[in-house]
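**Student:** what's the 3D shape of this:
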Amino acid sequence: MLLARCPLSAAPVSVAIVERGRFVREVFALGELQAVRTTAIVAPTDVPRSQTIAELVADGSRVEKGQPVVVFDASSAAEQLADGRADRQTAENKISQTRAKGKKTRQDLTLDRQRASEDLERAEDVAPTEEGIFSRHQIIESQVDRTLLDRKVAIATRKLETSASLNQADLSLGVIERGKADLKIRQAEAALQSLRVVAPHDGLLLLARRRGEVMSVGQEVYPGQKIAEIPDLSELEARVYVLEADAGGLAAGRTARVAVEGKPGSAYAAHVSRVDALAKPRDRRSPVKYFEVLLAFDDKKQGAALKLGQKVRARIVLEEIDDVLTVPRGALVDRDGRRMVYRMEGGRFHPVEVDVGALSAGRVVIKSGLASGDRVALRDPTRSLAEILRSREGAAGASGTEENH
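**Tutor:** Residues are numbered from 1 along each chain as shown. Next up, the predicted model:
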């Protein structure tokens with residue numbers, strides 16, 4: 001970098017020489033190390049109701065295979081079991097009473113129909129039918145009596161059929177109630193058998209967090225809800241967050257370097273293995289959105305030597321272009337909607353309009369307008385440093401006012 005004095009200003013102006021080389025656009029992101037594979041410990045799915053945690057292993061504890069990790073409160077399941085058994089006994093009593101009542105009603109109605117049939121048979125046997133022997137009044141009266149007896153038989157038959165249907169409906173309701181009670185009993189027994197959740201293998205237990213706080217005794221959990229996890233510490237990855245505004249070009253396969261907190265000077269080669277489809281706020285109180293990015297270490301052994309939860313700072317390469325002309329970002333000046341730089345010619349700075357390509361935080365690719373070896377000013381040489389600072393302060397103040405509004 002050279003210093004030159006602009007004839008228009010007494011303040012010296014730094015000068016950079018335009019060179020052809022490689023352009024790299026990077027983004028920095030913060031995060032932490034996590035396990036690539038974890039075994040989730042969830043509330044039993046065969047218990048279709050919430051359960052209350054009665055005992056819980058401390059967060060970060062070492063556990064062995066088969067060791068109880070969480071124990072649920074048994075009181076509600078025991079109460080449900082007692083209620084289910086009581087409901088089943090009530091349903092059984094109802095079924096027995098319905099059967100007994102139906103049997104007695106069927107016997108009574110069958111007897112009534114039998115009596116009516118016998119009365120009808122007797123009436124038909126002795127019915128006066130000869131007009132020469134019996135009066136017309138006797139014959140008509142006998143016909144009326146037989147008709148009434150026939151209807152009595154029909155009514156008794158219908159009563160018997162209706163009573164059987166009603167009795168069957170009552171029995172079906174009782175069976176349904178008994179089935180509901182059996183279901184309640186099975187659920188309670190399943191809950192009692194699932195009161196203890198054990199570790200599936202050895203490892204470090206990490207409790208799940210809900211609203212920023214770890215699971216604790218007394219909390220209710222629902223079927224399938226995650227309670228804890230046991231990470232596989234043999235392979236770690238970095239989970240970092242990239243600002244939505246800086247994520248242009250971010251994609252799986254991009255190379256990265258990961259620096260781990262507590263290991264100064266160390267940098268591990270990695271690559272982007274996954275990028276979230278949508279940017280999300282990390283804090284409910286802030287609208288700023290980030291993309292969650294997973295970085296896989298190129299050397300798995302190096303990743304295994306690190307510790308779970310360590311803070312990391314990653315540098316992700318978003319764009320690489322070989323053999324291009326670049327200038328420092330400060331050399332670019334916007335003038336009336338045109339992109340310009342000030343090139344030194346004959347000891348003086350002359351404005352040159354340029355065609356700009358890719359940009360990074362520090363450098364700009366120049367497609368046309370400059371050549372290798374040109375010397376350009378690193379700021380607008382027609383303005384003093386004081387003017388530039390005042391304009392920047394004014395822009396910052398205006399931006400702050402807009403935000404406040």
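
**Student:** Beyond the top helix by length along the chain, next helix or strand please.
**Tutor:** In the chain, with assignment by DSSP state H, the single longest helix is helix 136-193. Proceeding N to C from helix 136-193, the next assigned helix or strand is strand 196-198, under DSSP states H and E.

**Student:** who does that following strand touch, helix- and strand-wise?
**Tutor:** Strand 196-198 is packed against strand 68-72, with contacts defined by 3 or more CB pairs under 8 Å, 6 or more residues apart in numbering; DSSP states H and E. Quick note: C-beta positions are derived from backbone N, CA and C, even for glycine.

**Student:** what's the angle between the strand it packs on and helix 136-193?
**Tutor:** Strand 68-72 and helix 136-193 are oriented at 140 degrees to each other (axes from the mean of the first three to the mean of the last three CA atoms, to 10 degrees).

**Student:** can you pull the buried residues of strand 68-72?
**Tutor:** Under the neighbour-count criterion of 16 or more other CB atoms under 10 Å, strand 68-72 has 69-70, 72 buried.

**Student:** ok, the residues you listed vs Asp374, which is closest?
**Tutor:** Comparing the buried residues of strand 68-72 against Asp374 with CB to CB places Val69 closest, at 68.1 Å.

**Student:** How about the contacts made by that closest one?
**Tutor:** Residues counted as contacts of Val69 (CB atoms under 8 Å, 6 or more residues apart in numbering) are 41, 56-57, 63, 197-199, 205, 227-228.

**Student:** Glu32 too?
**Tutor:** Listed by CB under 8 Å, 6+ apart, the contact partners of Glu32 are 238-239, 309-312.

**Student:** Surely Ala82 forms part of a strand?
**Tutor:** No - counting by DSSP: H, G, I helix; E, B strand; the rest coil, Ala82 is not part of a strand but helix.

**Student:** Can you check what pLDDT the model gives it?
**Tutor:** At Ala82, the pLDDT value in this model is 89.

**Student:** got JSON lines for the buried residues of strand 68-72, with pLDDT too?
**Tutor:** Compiled in JSON lines, those are given as follows (pLDDT from 0 to 100):
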{"residue": "Val69", "pLDDT": "89"}
{"residue": "Val70", "pLDDT": "89"}
{"residue": "Phe72", "pLDDT": "87"}
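
**Student:** Beyond the helix or strand bottoming out on mean pLDDT in the chain, next helix or strand please.
**Tutor:** Scoring the helices and strands of the chain by mean pLDDT, DSSP states H and E places strand 2-5 at the bottom, with a mean of 48. Scanning forward in sequence from strand 2-5 by DSSP H and E, the next helix or strand is strand 12-17.

**Student:** in its sheet, what does that following strand sit against?
**Tutor:** Within its sheet, strand 12-17 is paired with strand 2-5 (antiparallel), strand 375-377 (antiparallel), according to DSSP bridges.

**Student:** For that strand, buried residues please.
**Tutor:** By neighbour count on 16+ other CB under 10 Å, the buried set for strand 12-17 is 13-16.

**Student:** Repeat that for stretch 257-272.
**Tutor:** 257-260, 268, 270-272.

**Student:** same question, stretch 369-389
**Tutor:** With burial defined by 16+ other CB under 10 Å, the residues of stretch 369-389 counted as buried are 369-370, 374-384.

**Student:** was I right about Val356 contacting Val364?
**Tutor:** Yes - with contacts defined as CB atoms under 8 Å, Val356 counts as touching Val364 at a distance of 5.8 Å.

**Student:** what's the overlap in contacts for the two?
**Tutor:** Here Val356 and Val364 share the contacting residues Leu332, scored by CB under 8 Å, 6+ apart.

**Student:** Those two - which one has more neighbours?
**Tutor:** Using other CB atoms under 10 Å as the criterion, Val356 and Val364 rank with Val364 on top: 21 against 15.

**Student:** Just confirm the more buried one is within a strand.
**Tutor:** Yes - membership of Val364 in a strand is supported by three-state DSSP.

**Student:** Tell me what it is bridged to.
**Tutor:** For Val364, the beta-bridge assignment (DSSP bridges) gives partners Val327, Leu359.

**Student:** now do Val24
**Tutor:** For Val24, the beta-bridge assignment (DSSP bridges) gives partners Glu320.

**Student:** How many neighbouring residues does it have?
**Tutor:** Per other CB under 10 Å, the neighbour tally for Val24 reads 16.

**Student:** what's near enough to touch it?
**Tutor:** Contacts of Val24 by CB under 8 Å, 6+ apart are 317, 319-320, 360.

**Student:** for the stretch 301-405 of the chain, what are the low-confidence residue spans?
**Tutor:** For the stretch 301-405 of the chain, the stretches flagged by pLDDT under 70 are 302-304, 384-405.

**Student:** just so I have it, where are all the strands in it?
**Tutor:** Assignment of strands within the stretch 301-405 of the chain using DSSP state E, counting those that start in this stretch yields the ranges 311-328, 333-335, 338-345, 348-353, 355-359, 363-368, 375-377.

**Student:** from those, which stretch is densest packed?
**Tutor:** strand 375-377 (a mean of 21; mean count of other CB atoms under 10 Å).

**Student:** what's next to that strand, contact-wise?
**Tutor:** Among residues not part of strand 375-377, those counted as contacts by CB under 8 Å, 6+ apart are 2, 4, 6, 13-18, 327, 331, 341-344, 349, 370.
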